[in-house]
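Trainee: With the sequence up front, the predicted model follows.
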Amino acid sequence: MTIHTPGIPENVVLAQSVNGRLRADASLIAARAFLMRAAGAGLFAALLGAGIGAAAFGWAYLNQYETAAERIAQAMQSALSEVTLKTKGEVTLTDNVLRLDQPAAPAKPDFASVVASQKDDGNAAVRTTFTVFKSVPHLDGNIVTGWQFKGDEKQPESQYCYFSHPQKFGSDVLTQVNIAINGQVAPQTNSELDLKRLSKSCIWFDPKKV
């Protein structure tokens, strides 16, 4: 081995060895870097190709259905254009107004005629009255309004409203709480019920609706 560098031969040999090792390491690193760049470029190209392929597949898939729909539409149009409809006969409209008849409301009973038909055998002491009840469901019972008529009156002689409900769950025995008489709220005696609020559900007689 010939040494052309001035200095101690051992140091020169060591320096050349270190220099050669560094060059080898540098070459190895450069080769690895090139390999990584090549792999990255290849992966990018593969993903790009896969994306383009998926887009092309989707376009072809949609275009296939659109083409099929167009073909079906054209076939139906062609078939209908060749069909000839022939009809015979005559239709005559005798009335050009279409009427939808509403079902007639049930007639209200004429209480005066009913009472007049019931004879009291000439007994002047007999007084005939009748009461019409209107009820509204509330909680476990009903708010009931009574219209009390004389036999010959068209308006009630008096009216009253009360709340009727079972004494206990499942019982047939009813309890009545007076709410109002002739539109006037009764005195508050039961703290559990708000009579003023309940009176709003009473149905008082309205002569305008008769």
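Mentor: That came in fine, so what should we check first?
Trainee: domains in the protein, as residue ranges please.
Mentor: 8-80, 111-209 (automatic domain parsing).
Trainee: Would you mind finding the most buried of these?
Mentor: Among the domains of the chain, ranked by average contacts under mean count of other Cβ atoms under 10 Å, first place goes to domain 111-209 (a mean of 13). From N, CA and C alone the C-beta is placed, and that goes for glycine too.
Trainee: Spatially nearest residue to N142 (excluding sequence neighbours)?
Mentor: S135 (4.4 Å; Cβ to Cβ, 6 or more residues apart in numbering).
Trainee: what about the strands in the protein?
Mentor: Along the chain, the segments classed as strands by DSSP state E run 129-138, 141-150, 158-166, 174-181, 184-185.
Trainee: so where's this structure uncertain?
Mentor: Residues of the chain meeting the criterion pLDDT under 70: 1-7, 10, 62-69, 79-125, 190-191, 210.
Trainee: Determine the longest helix present in it.
Mentor: As assigned by DSSP state H, the longest helix anywhere in the chain is helix 9-81.
Trainee: Which other helices and strands does that helix contact?
Mentor: On a contact count with 3 or more Cβ pairs under 8 Å, 6 or more residues apart in numbering; DSSP states H and E, helix 9-81 meets no helix or strand.
Trainee: Pull the contacting residues for the residue nearest to N142.
Mentor: Applying Cβ atoms under 8 Å, 6 or more residues apart in numbering to S135 gives the contacts 142-145.
Trainee: Now tell me what touches stretch 166-179 from outside.
Mentor: Under Cβ under 8 Å, 6+ apart, the answer for stretch 166-179 is 140-141, 143, 160-165, 185-186, 190, 193, 195, 198-199, 202.
Trainee: separation between F34 and F44?
Mentor: 16 Å (Cβ to Cβ, to the nearest Å).
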